[in-house]
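Asks: could you work out the structure for the sequence below:
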Amino acid sequence: MKKTLITVAIVVILALAGVALWLFTNLQQQKQANEEMQELAELDKQEMENEYERFTLQYGEMITQINNDSIVAQLTQEQLRTQQLLEELKRVKANDAREITRLKKELAAVREVLRSYIRQVDSLNQINASLRSENSQIRSELAQTNREKEGLQNEKQTLTEKVAIAAQLDATGITLTAMKGDKPTRKNKLKKANKLKVTYTISKNVTASNGQRTIYTSIRKPNGDVLAGGGSFSYENKQLKASAKNTIEYTGEQITVTAYWTGSEVLSGGDYLVSIFADGHLIGSGRFNMVE
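Replies: Numbering: from 1, shown residues only. Now for the predicted structure:
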């Protein structure tokens, strides 16, 4: 009887030790996943802060180039608004999905307003350049001509930098759907799904260059791992995994894109983060709660 009790005690102790080890391992894995999710959220937030800062500086540059008081006042107002949004973003935590989404929409609106002012400023600069050229011809002063030529080269460089900012693509209206074959699963459940479907819209952008673009879709699971299947790409001096890759012919007009991830692994329920990348930039993201 005594030996039996000792044996039972040993079995219980070993079972408890195994449970404790499992719990410890599971907690460590969850901690690592949370840290990776936080790191990506911080990268997203930092990219937004960088854009807000670039736009603020861009408004300042345009203010110095314009003699029109009305436009200067408008540019100053937009610059102050952009600075206020930047300060709001700096106070927001990276994992505050609602506020990050709101400020991302505000960022897209700021970018669109900036593009409209770039077109106005460039039009005025072209008019001024034409007047200076005519005046130079009348006066026939070689020194003045050389100075204007240098000024035009500087303006061309500034214009190139402005166009690079304005030409960045935007991905909006992102959705994530669980699919079984060619049909969505009932109530978007993952249990019977054999692939995931991501759809989004690339906004109209007349300043962006036309031609083929490679768009990468990253689907990050609740445990922080990225569903592989789309190769890899460079972002912020890092190589990231892609879940899907699309090559589109971009003409500057709005275009809807559909990407698929197909795999054999069993997907668990929870929050999935979908991120869209193009031309080395994060152009859109969304978080979706999926049911197992």
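Asks: pLDDT (mean, whole number) over the helix or strand containing Phe277?
Replies: Assigned by DSSP states H and E, Phe277 belongs to strand 270-278. In this model, strand 270-278 has a mean pLDDT of 95.
Asks: which helices and strands does it pack with?
Replies: helix 2-65, strand 171-180, strand 211-220, strand 281-290 (3 or more Cβ pairs under 8 Å, 6 or more residues apart in numbering; DSSP states H and E). For every residue, glycine as well, the C-beta is placed using N, CA and C.
Asks: list the contacts of it.
Replies: By Cβ atoms under 8 Å, 6 or more residues apart in numbering, the surrounding residues in contact with strand 270-278 are 37, 40, 44, 169, 171, 174, 176, 198, 200, 213-222, 233, 235, 240, 242, 282-290.
Asks: for stretch 84-98, same thing?
Replies: 37-38, 41-42, 44-45, 48-49, 52-53, 56, 99-100, 103, 106-107, 110, 287.
Asks: okay, buried residues for stretch 168-180 please.
Replies: Gln168, Leu169, Asp170, Ala171, Thr172, Ile174, Leu176, Thr177, Ala178, Met179 (16 or more other Cβ atoms under 10 Å).
Asks: the residue lying closest to Asp170 once chain neighbours are set aside and Thr56: what is the separation?
Replies: Leaving aside its chain neighbours, Asp170 sits nearest to Ser203 (4.3 Å; criterion: Cβ to Cβ, 6 or more residues apart in numbering). Distance, Ser203 to Thr56, by Cβ to Cβ, to the nearest Å: 22 Å.
Asks: same check, this time on Ala167
Replies: 19 Å.
Asks: who has more neighbours out of those two?
Replies: Ranked by neighbour count (other Cβ atoms under 10 Å), Ala167 and Thr56 place Thr56 first, with 18 against 15.
Asks: ok, now which ones touch the more buried one?
Replies: Neighbours of Thr56 in contact, by Cβ under 8 Å, 6+ apart: Gln79, Thr82, Gln83, Leu86.
Asks: re earlier: now a PyMOL select for only the buried ones of the contacts of strand 270-278.
Replies: Selection command for PyMOL covering only the buried members of the contacts of strand 270-278, criterion 16+ other Cβ under 10 Å:
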select buried, resi 37+40+44+169+171+174+176+198+200+213+215+216+217+218+219+220+221+222+233+235+240+242+282+283+284+285+286+287+288+290
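Asks: just the buried residues of stretch 168-180 now: which is nearest Gly60?
Replies: Distance to Gly60, by Cβ to Cβ, is smallest for Gln168 among the buried residues of stretch 168-180, at 19.4 Å.
Asks: wait, a strand at that closest one?
Replies: No - read with DSSP: H, G, I helix; E, B strand; the rest coil, Gln168 is coil and lies in no strand.
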